[in-house]
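Asker: requesting a structural model of the entry that follows:
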Amino acid sequence: MNVVTRVDDLRGLCREAREARLRVGLVPTMGALHAGHRSLLRAARGASDLVVLTVFVNPLQFGPDEDFSAYPRDLEADAEVAASEGVDVVFAPPVDEMYPGGSRTTVHVAGLTDVLCGASRPTHFDGVTTVLTKLFSIVGPSTAYFGRKDFQQLAVVRRLVADLDLPVEVVGCPLVRDHDGLALSSRNAYLSEARRESARAIPESLRAAAAAVEGGERSATAVEAEVRRVLARAPELRPEYVAVVDAAELRPVETLDGSTAVLVAVRVGSTRLIDNVVLDVTPGGSEADLGIVVPAEESESPCAAR
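Answerer: This next block holds a predicted model:
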């Protein structure tokens with residue numbers, strides 16, 4: 001496994017692979033790898049000849065009051081995970097390699113980035129789309145793998161690639177949950193045991209929404225109210241938003257029909273967590289996609305309070 005830190009080195013390795021008619025798979029991350037990231041690496045490994053993992057805590061994604069300096073970083077541990085999953089190249093550049101002399105160019109996807117997480121984090125998605133545009137340019141023609149936990153991000157990336165005609169196929173992989181139902185996230189490391197216990201109301205609220213729709217409920221207002229009712233059982237939780245939207249364009253809906261997503265962002269203490277369930281509603285009933293549960297041996301361990 002190669003660990004490289006320079007843009008030219010990564011570009012050269014990917015160019016050599018394509019000249020040899022090898023398929024390149026890309027998994028962009030900010031490190032702090034967990035079982036959700038492993039699922040992306042396994043998807044890439046199963047369909048690619050050269051698997052590239054990027055580990056870069058992107059400063060452009062963080063607002064002035066967010067946790068850039070505190071974001072978990074452990075490149076040695078991430079490299080061990082990468083090696084165990086058969087990764088060929090780890091790209092772990094310093095900030096000045098990705099943004100030499102600072103960043104003066106920003107890539108903006110209008111509409112999809114102005115709502116939901118974008119409403120409270122107005123610069124976040126510009127940071128995401130800017131760094132991804134750079135990574136897609138460096139790696140070149142490839143298949144890129146993203147998790148569905150970051151549902152809005154996945155929609156934004158798909159639009160970015162389509163609008164700019166980038167030679168990248170975007171693959172959305174299942175949301176991955178721990179044994180207690182909590183969606184896997186690097187930010188779970190910030191939760192004390194007590195706060196993690198409270199956070200379990202988040203997936204419970206989405207299961208309640210899915211059950212209501214399975215029982216025949218089609219009103220978006222009623223589904224949202226069911227989510228909020230369950231979240232209210234844990235007073236420490238502060239919902240930032242609960243939204244019932246069209247799964248493709250993220251537009252609010254009044255009546256559930258077709259592919260619909262219920263998206264939530266919740267503050268647990270100072271930690272912000274997101275989660276979702278996708279509901280395929282047809283005249284004959286509904287089907288819920290809550291993701292998959294991580295194997296027991298890859299389960300997270302709650303961390304001490306910080």
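
Asker: quick check: chain neighbours aside, which residue is closest to V171?
Answerer: Of all residues not flanking V171 in the chain, Y145 sits nearest, at 5.1 Å (Cβ to Cβ, 6 or more residues apart in numbering). (Glycine included, C-beta is placed from N, CA and C.)

Asker: how close does the one you found get to G269?
Answerer: 31 Å (Cβ to Cβ, to the nearest Å).

Asker: the more surrounded of the two?
Answerer: More crowded of Y145 and G269, by other Cβ atoms under 10 Å: Y145, with 26 against 17.

Asker: got the domain ranges for the protein?
Answerer: 2-173, 186-298 (automatic domain parsing).

Asker: span of stretch 229-247 from start to end?
Answerer: 23 Å (Cα to Cα, to the nearest Å).

Asker: so which bits of that stretch are buried?
Answerer: Neighbour-count burial for stretch 229-247, with 16 or more other Cβ atoms under 10 Å as criterion, is recorded at V230, L231, A234, L237, E240, V242, A243, V244, V245, D246, A247.

Asker: before we move on, what about stretch 153-161?
Answerer: Across stretch 153-161, burial judged by 16+ other Cβ under 10 Å covers Q153, L154, A155, V156, V157, R158, R159, L160, V161.

Asker: averaged pLDDT, that stretch. What do you get?
Answerer: When pLDDT is averaged along stretch 153-161, the result is 98.

Asker: ranges for the helices of the stretch 51-200 of the chain?
Answerer: Along the stretch 51-200 of the chain, counting by DSSP state H, counting those that start in this stretch, helices occupy 75-84, 95-98, 117-120, 124-139, 151-163, 193-199.

Asker: using PDB, write out every CA atom in the second one.
Answerer: Taking only C-alpha atoms (Å, rounded to 0.1, in the frame of the first residue of the first chain), the coordinates of helix 95-98 have been written out as PDB:
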ATOM      1  CA  VAL A  95      -3.500  21.600   3.900                       C
ATOM      2  CA  ASP A  96      -0.900  23.600   2.000                       C
ATOM      3  CA  GLU A  97      -0.600  20.800  -0.600                       C
ATOM      4  CA  MET A  98      -4.400  20.900  -1.300                       C
END
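
Asker: who's in contact with it?
Answerer: For helix 95-98, the external contacting residues (Cβ atoms under 8 Å, 6 or more residues apart in numbering) are T5, R6, V7, F56, N58, P59, V131, K134.

Asker: tell me the contacts of V294?
Answerer: V294 makes contact with A35, G36, V176, R177, D178, H179, L184, E300, according to Cβ under 8 Å, 6+ apart.

Asker: V24 is in contact with T143, isn't it?
Answerer: Yes - using Cβ atoms under 8 Å, V24 is in contact with T143, at 7.3 Å.

Asker: please enumerate the shared neighbours of the two.
Answerer: S48.

Asker: quick one: which of these two has more around it?
Answerer: V24 (24 against 17).

Asker: model confidence at the residue lying closest to the more buried one once chain neighbours are set aside, what's the number?
Answerer: Once flanking residues are discounted, V24 sits nearest to S142: 4.0 Å by Cβ to Cβ, 6+ apart. With respect to pLDDT, S142 scores 98.

Asker: ok, S142 to E169 distance?
Answerer: From S142 to E169 the distance is 8 Å (Cβ to Cβ).
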